[in-house]
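Undergrad: A structural model of the following input is requested.
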Amino acid sequence: MAVLFMKYRHAILKVRQYGLLKAGQILYRKFFPGKYPQAINIEIMTICNLKCRHCRVTYHGSLIKDVKPAFMKFELFCEMVDRITPFIKHANVFQFSSIEPLFHKDIFRMMAYVSTKNRNMLFPILTNAMLFNKDNLRELFQRNVPSISISLDGCQKETVEAFKTGVSFDRVISNIRLLKKMAPERINIATVFVATRNNIHELPDYITLCADLGINEVLVNGFLSFLPDHSHLYLYTPQGNNDVSDIFKNTYAQAEKHGVIVRFPSLAAKPRGCDLSSLLCIDEKGNVAPCIFLAHETPLELFGKVGRTRKLIFGNVLKDDPLKVWNSRDYVEFRNKLRQRSLPRECALCADGHGVICSAKELTPGSMKKNSLWGDK
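TA: Predicted structure coming up:
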């Protein structure tokens, strides 16, 4: 009964977040994708306001030599948007980079320009919350923002600041309180907790902190390792992790008590592809790739195997017909593999392709069968 209630609450949350019509469209497009993508991401910068040792962005220009740390110029962004206008008219969601969006000085001009092509476009925000202030929050709330997800990887100052280089725990908490005070009710406010060996013990108490802050939803992600030096941090294995499974179950009990929705990752790594089959990903040069990892030579590590992705570019929106690129035979075949839960060989070392980062989430441990995602005995 609790499982059904949690699913019902989650469905109501999504309808509140997107509206009934838009939520229905997104669900329909998930199963019947059509010839246009559901979501669009343009990498508007290759630099972040933080310098986390475990993050690929920190190594742009050094270990990742084919990426120069920089901000995309507004004029180039507009040129790309003009080229993909038919896509924008059919898409539901537009994302600005896989990095802190508020770090770009033109972010609100970019949102406004996209909205001239599709006034119903949604702009979900993933942020580290370090740059919030009253002025930029007011600007943000004038846009069509359905959700704001805040990266917060613990409930103790020492834990959070040791994990993210340059972050201030006190500032993030203060900014979350400011956000809750100012945000319209229509905006879903969530936190993202990247689970590692160094913070997993805090997760049940983390739920209590989030409830006190008025957070609606907690998204627990696995840790994706780019370098061997960080391989000790992840908690998943090919067989699962019973100890962490118990912590997840205790966390779910806390979430039920406080009325917080929690979504958990798998702990048992199995090749299954990811959820990016309906995303048009455009890098800082206009190249179209399945994801930003495959747009560049990205280092990855998984269960002791180390390597780099080979660039997988299907075309360039500034030079090629974007619709022909999206519907090209090779790109369609690649996306079909993801929909069929098959792992393309280019993704062999990507943990998300094995379902343990963010593409195989469940609403409750109780909804998972034994010997499946959780690896229970």
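
Undergrad: what ranges do the helices span in this protein?
TA: Read by DSSP state H, the chain holds these helices, from start to end of the chain: 2-18, 20-31, 74-83, 85-90, 107-117, 134-141, 157-163, 169-182, 203-213, 242-258, 292-295, 322-326, 329-339.

Undergrad: ok, residues contacting the shortest one?
TA: Contacts made with helix 292-295 from outside it, assessed by CB atoms under 8 Å, 6 or more residues apart in numbering, are listed as 41, 43, 56, 98, 281, 283, 287, 289, 298, 300, 309-313, 346-347, 350. (Each C-beta comes from the backbone N, C-alpha and C, glycine too.)

Undergrad: ok so, going back, would you mind finding the most buried of the helices of the chain?
TA: Across the helices of the chain, averaging neighbours per residue (mean count of other CB atoms under 10 Å) puts helix 292-295 on top, at a mean of 24.

Undergrad: Quick one: mean pLDDT for that one?
TA: The average of the pLDDT scores along helix 292-295 is 97.

Undergrad: and it, how far from the chain's centre?
TA: Mean-position distance between helix 292-295 and its chain equals 14 Å (CA atoms, centre = their mean, to the nearest Å).

Undergrad: cool, stretch 176-184 as well?
TA: Taking CA atoms, centre = their mean, one finds stretch 176-184 lying 21 Å from the centre of the chain it belongs to.

Undergrad: If you average the pLDDT over it, what comes out?
TA: On average, the pLDDT along stretch 176-184 is 97.

Undergrad: rewinding a little: of the contacts of helix 292-295, buried ones?
TA: Applying 16 or more other CB atoms under 10 Å to the contacts of helix 292-295, the neighbour count classes 41, 43, 56, 98, 281, 283, 287, 289, 298, 300, 309, 312, 346-347, 350 as buried.

Undergrad: circling back: out of the helices of the chain, flag the one nearest residue 227.
TA: Of all the helices of the chain, it is helix 292-295 that lies closest to residue 227, at 13.7 Å by CB to CB.

Undergrad: how near is residue 162 to residue 140?
TA: Look at residue 162 and residue 140: by CB to CB, to the nearest Å, they are 29 Å apart.

Undergrad: Please apply the same query to residue 75.
TA: In this structure, residue 75 and residue 140 are 23 Å apart, going by CB to CB.

Undergrad: ok, now residue 176?
TA: In this structure, residue 176 and residue 140 are separated by 14 Å, where distance is defined by CB to CB.

Undergrad: chain center to stretch 209-229: distance?
TA: Here stretch 209-229 is found 11 Å from its chain centre; the criterion is CA atoms, centre = their mean.

Undergrad: What residues of that stretch count as buried?
TA: Neighbour-count burial for stretch 209-229, counted by 16+ other CB under 10 Å, picks out 209-211, 213, 215-226.

Undergrad: Looking at those residues, which two lie furthest apart in space?
TA: Distance extremes for those: the farthest pair is 211 and 226 at 32.6 Å, using CB to CB.

Undergrad: Need the CA coordinates for stretch 113-133. PDB is fine.
TA: Listed in PDB are the C-alpha atoms of stretch 113-133, where the atom choice follows Å, rounded to 0.1, in the frame of the first residue of the first chain:
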ATOM      1  CA  TYR A 113      15.700  33.500 -27.000                       C
ATOM      2  CA  VAL A 114      14.700  29.800 -26.900                       C
ATOM      3  CA  SER A 115      11.200  30.900 -25.700                       C
ATOM      4  CA  THR A 116      10.800  33.000 -28.900                       C
ATOM      5  CA  LYS A 117      10.800  29.700 -30.800                       C
ATOM      6  CA  ASN A 118       8.600  27.800 -28.300                       C
ATOM      7  CA  ARG A 119       6.900  29.800 -25.500                       C
ATOM      8  CA  ASN A 120       5.900  26.500 -23.800                       C
ATOM      9  CA  MET A 121       9.500  25.200 -23.500                       C
ATOM     10  CA  LEU A 122      10.400  24.000 -20.100                       C
ATOM     11  CA  PHE A 123      13.800  24.800 -18.500                       C
ATOM     12  CA  PRO A 124      14.600  22.400 -15.600                       C
ATOM     13  CA  ILE A 125      17.600  23.600 -13.600                       C
ATOM     14  CA  LEU A 126      20.300  21.500 -12.000                       C
ATOM     15  CA  THR A 127      22.500  23.600  -9.800                       C
ATOM     16  CA  ASN A 128      25.100  23.600  -7.000                       C
ATOM     17  CA  ALA A 129      23.100  26.600  -5.500                       C
ATOM     18  CA  MET A 130      26.300  28.500  -4.800                       C
ATOM     19  CA  LEU A 131      25.300  31.400  -7.100                       C
ATOM     20  CA  PHE A 132      21.700  32.000  -5.900                       C
ATOM     21  CA  ASN A 133      20.800  35.500  -4.900                       C
END
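
Undergrad: Give the rounded mean pLDDT of that stretch.
TA: Stretch 113-133 comes out with an average pLDDT of 98.
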